[in-house]
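1. Provided below are the primary sequence and the corresponding predicted coordinates.
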Amino acid sequence: MLSYLGRRSFHSLVSVLGLLTLVFFLTRLTGDPSALYLPLDSSIEARTAFARLNGLDQPIYWQFLQYLKDLLDLDFGQSLRQNRSAMEVALEAFPQTLKLAFVAMTLSTLLAVLVGSLAAARPGSRFDRIASIVSLGGASAPDFWIAIVGILIFAVGFELLPTSGTGGFAYWVMPVFVLMLRPFGLLVQVVRGTMLSALASPYIRTAHAKGMARRKIIFGHALRNSLLPVITVAGDLATGLINGAVVVETIFGWPGIGKLMIDSIIQRDFAVVQSTILVTAIAIFVLNIAIDLLYAALDPRIRY
Amino acid sequence: MSAARDIILDLKGLTVDFLSEEEPVRAVDSVSFQVRRGETLVILGESGSGKSVSTGTIMGLIDCPPGDIVAGTCSFDGMDLMCLDAEMRRDLNGRRIAMIFQDPLAYLNPVYTVGRQIAEVFESHGDAGEGSVRERVVKLLERVGIPDARKRADFYPHQFSGGQRQRVMIAMAIALKPDILIADEPTTALDVSVQAQILDLLRDLQRETGMAIIMITHDLEVAAAMADRVIVMNAGKIVEAGKAENVFQEPKHPYTRRLIEAVPHSRPAVERRRSAIQGEPLLRVKHLSKHYLLKAGFFAEKREFRAVDDVNFTLRRGETLGIVGESGSGKSSIARMLLRLNEPTAGKAFFAGEDIFKLEGPALGRFRRRVQMVFQDPFGSMNPRMDVRTIISEPWAIHPDILPRAQWAGRVVELLELVGLKPDHANRYPHQFSGGQRQRIAIARALASDPEMIVCDEAVSALDVSIQMQVVELLADLQRRLGLAYIFITHDLPIVRHFADRILVMKQGRVVEENETEALFASPQHEYTQALLQSVPRPKWLRGDAALQSTSEGAIQQG
């Protein structure tokens, strides 16, 4: 168990380092920040001074080594745009994304498990057919389109919900709904499929032969065994959401890490881009470990 | 007591169809039988004979559709089981009629402890007996012979051996002392010695509780060991029924006679053996070992597990060497090493003078051609998307020098005829064949590269008795014609006695005894061999604890 965690951490460290290297060089391909941050008519001297101040006058490999050295000191650089620690900026935005992702994933998973189980309990029934159509629609609808149409109808048309921003319950409704569509749609299909095969398995016959109630057989015996593949898919989808629900956050002006990432790339705020990537990479690593541990908790045959 | 009051279950004219794309398939056709309190009724039949469907109907376990109960009544203690509503059915199952199945690992839920799964029986029936549920679960586990039951109740199914899992299933089934226990092939997946223990346990429990047992089996020895009365089913119909002794000793229906004659030990093939034992050595195995290192935990020391431990033997051309042992004894590990599928930890094996384990590249390719394997599950070992022609000709595609492509079609037909199939079978796919036919295809595939030795790993274990004999006869015939040498790995003693020239008995990776077949069976030297031979079940009517006695005891307890 401990050796497993150690091994996983080491592997993740290697991939995070690789990722940071890639991001470091890629961001520098987007252009020179001084072109954005200084007035158009500023002098060569001013530009050189800006570059020296931010360490941009050094050769790129030197900048990279400096970056790695700073990482060891837990110095993640300054945000050019906000003139404060880049990590501070990233960590301020991240909880907003986490909250949104958590609410959307929890709701869509719970709902999908319920709908998928009931559909699988009576395959071919009207409920099953409706569930199939709705989930397929949810999985395939383009979220940006739904988001914009939603704003048009509920915010602009009926003036029931705010168009964007954060605040009370009303601000959550549309972003959460739009984020839920895809996970809900995919998970209903996964739950239905795995439940169908679980319900056809021999231990379900045993449960019937024991005289257990049908409800307990479905939710106690079959569902518990169907959860592993559901968790695999749900974990993958959650990764996508943590990674920044870029489109949804941008459309609804949600101050999360996805929006921050896009803004920082556009504004060549290198240190912030690197910090957001580092934060999300660590979050995804933690999430994957959590999923592996959940496997072991749910299936006694799995041991690390 | 009157005979009528004794009858606990009365099935009349049961007819069940299974709906398919074309017309419905009749699985059970006008089947009627009665079960008396405390007796054991054995339903004997081969796969597809409708025996499991009949008993599934009693438990209400047939899914409709695709199942369709066309006709029939089934009265259980005055109730008609065919017109129960869901709640009445649920109440009856597990409390008055219980069931155990063939493969307890699949029939136990892998994610719950066995204790919890047994407790569910009590909880489902709101049974407030004496003592806590937990205590009753522990008592049940103790009763069915699980050692250290208090602790083991918190274990999961995969942490038990096959025999123990079946004991757990039995504990679950007898928890509420049902009137009828339906046992569907309960020992088919178990080793002989474990099988004997489970059958003993079932008989003991029957004496204690007076329950009736309906036992489904395809194994005539198990049937004889358990049955008071026997029903023989074939193709959905009852072909013969009666007292066990009568049916087994004076079978009336030709099908029953065929079944009984198919049991191998009635005619050992003696003449074939003399010649084989004098052949020249083809394979010499010296000090063959395979050890695995098991890691128990992070800090725990590595333990060594000896799957195969210093095994020596010689196989001659044209000879059949049987390797006998229970599961985990290392038989299959030997096979896998001899085929170079696994590497040995130590030892040498000389095939026609060459050390198998030193072969590389083209030499290894040539060796693989001369040694072939036939597996237990022919369906699993064939690509379902290849037709038979492609399956059989694959060795020629791999080794292009065996046969020019122009002759492939003709050779496939020859091989199919050699194994008793028809030329037009070449265009079909594996799922279109029966189990026995698939094993013939597997043999044809093995023959395609003109091997000198074939390793048969439980090659007939998954087949029905009558089919088993046909496949073994085919192997023997091929041996006579082609001079093949076989390593025949099995846990089935009657089959190996019939087919093998010499036998190795293995236990925990070691050879405990080696001898010529008749000598081994006539005077087993090692105590393990003796125990193994004794665990073949004996007919109930010869043991003296026969029907009437237990029936009357049962009736008294019930009454």
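-> Here it is on my side, so go on.
2. find the least confident helix or strand in chain A, judged by mean pLDDT.
-> Of all regular secondary-structure elements in chain A, judged by mean pLDDT, DSSP states H and E, the least confident is helix A:34-37 with a mean of 75.
3. buried residues, that one. List them.
-> Under the neighbour-count criterion of 16 or more other Cβ atoms under 10 Å in any protein chain shown, helix A:34-37 has A:34, A:37 buried. In short, each C-beta sits where N, CA and C put it, glycine included.
4. roughly how far out does it sit from the chain middle?
-> Relative to the centre of its chain, helix A:34-37 is centred 31 Å away, using Cα atoms, centre = their mean, to the nearest Å.
5. can you list contacts of it?
-> With contact meaning Cβ atoms under 8 Å, 6 or more residues apart in numbering or on different chains, helix A:34-37 is reached by A:47, A:50-51, A:56, A:80-81, A:267-268.
6. the residue in the stretch 1-150 of chain A that chain B sits nearest to - how many residues pack around it?
-> Closest to chain B within the stretch 1-150 of chain A is A:Ser3: 5.1 Å, counting by Cβ to the nearest Cβ. A:Ser3 is surrounded by 12 other residues when neighbours are defined as other Cβ atoms under 10 Å in any protein chain shown.
7. kindly report the same for the one 5 residues further on.
-> Neighbourhood size, A:Arg8 [other Cβ under 10 Å]: 15.
8. pLDDT value on the residue of the stretch 151-300 of chain A found nearest chain B, please?
-> The stretch 151-300 of chain A approaches chain B most closely through A:Gly211 (3.4 Å), counting by Cβ to the nearest Cβ. A:Gly211 is assigned a pLDDT of 90 by the prediction.
9. ok, it - contacts?
-> So, once contact is read as Cβ under 8 Å, 6+ apart, A:Gly211 ends up touching B:90-95, B:121, B:124-125.
10. cool, and B:Val536?
-> B:192, B:196, B:221, B:493-494.
11. check which helix or strand it maps to.
-> Using DSSP states H and E, B:Val536 sits in no helix or strand.
12. quick one, domains of the chain?
-> Since no chain was named, I'll use chain A. Chain A breaks down into these structural domains: A:2-72, A:92-298 (assignment by automatic domain parsing).
13. actually it's chain B I care about, not the one you picked
-> Taking automatic domain parsing as the domain assignment, the ranges for chain B are B:36-60+B:83-263, B:280-534.
14. okay, those in a markdown table with mean pLDDT, distance to B:Ile8 and mean neighbour count next?
-> Supplementary listing: the domains of chain B in a markdown table, determined by pLDDT from 0 to 100; distance: least, Cβ to Cβ, whole Å; neighbours: other Cβ atoms under 10 Å in any protein chain shown:
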| stretch | mean pLDDT | distance to B:Ile8 | mean neighbour count |
| --- | --- | --- | --- |
| domain B:36-60+B:83-263 | 89 | 5 | 20 |
| domain B:280-534 | 88 | 30 | 18 |
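15. could you dump those domains into TSV with distance to chain A added?
-> Listed next are the domains of chain B as TSV, based on distance: least, Cβ to the nearest Cβ, whole Å:
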stretch	distance to chain A
domain B:36-60+B:83-263	3
domain B:280-534	5
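16. re earlier: check which helix or strand the residue of the stretch 1-150 of chain A closest to chain B maps to.
-> For A:Ser3, the enclosing helix or strand under DSSP H and E is helix A:2-28.
17. now do that helix: which elements does it pack against?
-> In this structure, helix A:2-28 packs against helix A:60-72, helix A:270-298, with contacts taken as 3 or more Cβ pairs under 8 Å, 6 or more residues apart in numbering or on different chains; DSSP states H and E.
18. which parts of the shortest one are buried?
-> For helix A:60-72, the neighbour count (16+ other Cβ under 10 Å) marks A:63-64, A:67 as buried.
19. sorry, back to before: run the chain-centre distance for the helix holding A:Ser3.
-> Here the centre of mass of C-alpha atoms in helix A:2-28, compared against the chain's by Cα atoms, centre = their mean, lies 18 Å away.
20. still on that earlier bit, immediately after the least confident helix or strand of chain A, which helix or strand?
-> Helices and strands here follow DSSP H and E; after helix A:34-37, the next one along the chain is helix A:44-53.
21. what comes up buried for that following helix?
-> When neighbours are counted by 16+ other Cβ under 10 Å, the buried residues of helix A:44-53 are found to be A:47, A:50.
22. no further questions, thank you.
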